[in-house]
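Peer 1: Got a predicted structure plus its sequence, pasted below:
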Amino acid sequence: MRLHFTNARLIDPEAGTDALGSLTLEDGLIAGVNTPAPEGVTIRDCNGACLAPGIVDLGVKIGEPGERHRESFRSAGLAAAAGGVTTIIARPDTAPAIDTPEVLEFVTRRAAEASPVRIRHMAALTKGRQGREMTEIGFLLDAGAIAFTDADAVATDTKALSRAFTYARSLGALVIGHPQEPGLSKGGAVTSGKFASLRGLPGVHPMAERMGLDRDIALVEMTGVRYHADQITSARSLPALERAKANGFDVSAGISIHHLTLNEIDVGDYRTFFKLTPPLRSEEDRLAMVEAVGSGLIDVICSMHTPADEESKRLPYEEAASGAVGLETLLPAAMRLYHAGHLDLPTLWRALSLNPARRLGLPQGRLAVGAPADLVLFDPDAPFVMDRFTLRSKSKNTPFDGSRMEGRVLATYVGGKPVFEA
C-alpha cells in the first residue's frame, strides 16, 4: 500500500520537532519525509491534524491465558488501535505465568492471530513469578521474549534475584523491576499521609518505593545487568535514579499516565477505579514526576493497562483489585499534560514511543525514512466526555469515566495499513 499524507503536523520525537509537513508510506515503511507525492500514490489530507509514531506501550496486562474474561488479545488489540497504540509490550503476570518457552510460543501465536496491532511479550524472570528459581532465560530469549519481569510480584530472596540478574546480564537480557519494598508495602491501599488517615485506609509510605529501587540499583551495580524500573512515582526515588544514571549504570525508568495526571485526592469517597499499584501519590509527587519526564530522567510513559472485572472492583476499597485500563485513554490523558503546558508533543512522544522502542531494541518510534510505518493520526484538541462503556476493552475500569478530555485518535496504521479509522 502506497500512501502520502499531506498538511500534517509531524510530531518527530527523534528530532524534537512539531511542524507541518508530508509523509510517504510504501511497502510498510516510511519512504519519504517532506518529499513530493509519488505518481499514483493515494493522498490523504490531514487538515492540520497531528501525525506521530504509534505508541509503544510497555507493560500491558492481557488476560490470555487464564483470565480471558478480563481481556483477550482481540479486545486488547482493538482498544490499542483505537488509542493509537501500535505495539503492545505484554506482561507475563498471566495464569499460568509466561515462564516457559511453550507458554510464550502459545501466546505469541494467539496474539498474531487475534490482534490488529503488534504484540511482543515479556517473560517471567523467575518460575511462577515466585522469586525463588530463575526461568530458562536463554530459551525464552530464543522463543522471542523481549524482556524479563515478575511484574508486581517483588522477590524477597535477594540472593536468588542476584543470580537471575547475573544470568540475564550474561545473555544481554533486559530485566524490568517493580521497585517496592514488599514488607513495608504489604497491605497498603493508598499512600500514607493525612488523606489516608482521614479515610481510615491502610497506607504505604513512598519510601517503600525508594527502598526497593535502592536494592535493585545495588544489584545492577553488582551484576551489570540492563535494568528498567516499571514505575517511579515518588520524588524520593528520583535522586537514587539520577545517581544511578550518572554512575553509568544501564538503568531506565517508566511511569504510568495515571500517576502523571491524577493524585491521591482523586480517590475521593473510596472510588476503587482509582486504586492502583503503586497507589496514587501527592500532588507534589505528581508534579515532580512530570518534571522528571520533561528532563528525561524518567524515560517512558505507559498505560500500565490492568483490566479488572466488575466483581473485583465493586468491593470495599481495601479489598478491591488494583489497576486500571489505559490502552484507549493513554493518548487523551497525555494531552492533559500538553494542554496544561507541562510537556510539548515531541517530548511526550519521546516517552510514549521513541524511548520504549529504543530500550527494547525495536525499530518503531521514529518518523525517519526506512522506519516501520506504524503511525497515529490524531486531533489533540478534540473534546469529548469519557464514557467507560464505549471502551473496546472487555473490562471498563477506567478512572477517567465521566471526565472531560481532549485528544481524539483519527486513524492508526500498522505497517502502513489502517487498523483503526474514526
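Peer 2: Alright, I've got the coordinates.

Peer 1: Test of understanding: give the bridge partners of Val376.
Peer 2: Going by DSSP bridges, Val376 is paired in beta bridges with Ala52, Thr412.

Peer 1: Just the pLDDT at it, thanks.
Peer 2: Model confidence at Val376, given as pLDDT, is 98.

Peer 1: thought it was touching Thr412?
Peer 2: Yes. The pair Val376 and Thr412 qualifies as a contact (CB atoms under 8 Å) at a distance of 5.3 Å. Where you see a C-beta, it was placed from the backbone N, CA and C, and this is true even at glycine.

Peer 1: what residues are shared contacts of those two?
Peer 2: Taking CB atoms under 8 Å, 6 or more residues apart in numbering as the contact definition, Val376 and Thr412 share the neighbouring residues Gly54, Gly84, Thr86.

Peer 1: Please spell out the ChimeraX selection for the buried subset of those.
Peer 2: The buried subset of the shared contacts of Val376 and Thr412, as determined by 16 or more other CB atoms under 10 Å, is captured in ChimeraX by this line:
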select :54,84,86
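
Peer 1: In strands, which of the shared contacts of Val376 and Thr412 fall?
Peer 2: Counting by DSSP state E, these place Thr86 in strands.

Peer 1: Nearest to Thr390 among the shared contacts of Val376 and Thr412?
Peer 2: Nearest to Thr390 out of those is Gly84 (CB to CB; 16.0 Å).

Peer 1: so how far is Thr329 from that closest one?
Peer 2: Computed as CB to CB, to the nearest Å, the Gly84 to Thr329 distance reads 11 Å.

Peer 1: Common neighbours of those two, please.
Peer 2: Listed as contacting both Gly84 and Thr329 by CB under 8 Å, 6+ apart is no residue at all.

Peer 1: tell me the helices in the stretch 201-350 of the chain, going along the chain?
Peer 2: Taking DSSP state H, counting those that start in this stretch, the helices of the stretch 201-350 of the chain run over residues 207-223, 238-246, 257-261, 283-295, 310-313, 330-339, 345-349.

Peer 1: how far away is the residue nearest the centre of the chain from Gly84?
Peer 2: In the chain, the residue lying closest to the centroid (CA atoms, centre = their mean) is Cys302, at 2.4 Å. According to CB to CB, Cys302 and Gly84 sit 13 Å apart.

Peer 1: any shared contact partners between these two?
Peer 2: Jointly contacting Cys302 and Gly84 under the rule CB under 8 Å, 6+ apart are Leu330.

Peer 1: thinking again about what came up before, tabulate the shared contacts of Val376 and Thr412 in a markdown table, adding columns for pLDDT and distance to Gly370.
Peer 2: Below are those laid out as a markdown table (pLDDT from 0 to 100; distance: CB to CB, whole Å):
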| residue | pLDDT | distance to Gly370 |
| --- | --- | --- |
| Gly54 | 98 | 16 |
| Gly84 | 98 | 22 |
| Thr86 | 98 | 17 |
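
Peer 1: Closest one of the shared contacts of Val376 and Thr412 to Ser185?
Peer 2: Relative to Ser185, the closest of the shared contacts of Val376 and Thr412 is Gly84; by CB to CB it sits at 32.6 Å.

Peer 1: Against Leu337, how distant is that closest one?
Peer 2: Where Leu337 is concerned, Gly84 sits at a distance of 15 Å (CB to CB).

Peer 1: Val409: how many residues sit nearby?
Peer 2: Burial measure for Val409: 23 neighbouring residues, criterion other CB atoms under 10 Å.

Peer 1: where does it land in three-state SS?
Peer 2: The assignment at Val409 comes out as strand when based on DSSP: H, G, I helix; E, B strand; the rest coil.

Peer 1: What residues does it make contact with?
Peer 2: When contacts are counted by CB under 8 Å, 6+ apart, Val409 touches Ala82, Gly83, Gly84, Leu331, Val376, Leu377, Phe378, Phe420, Ala422.
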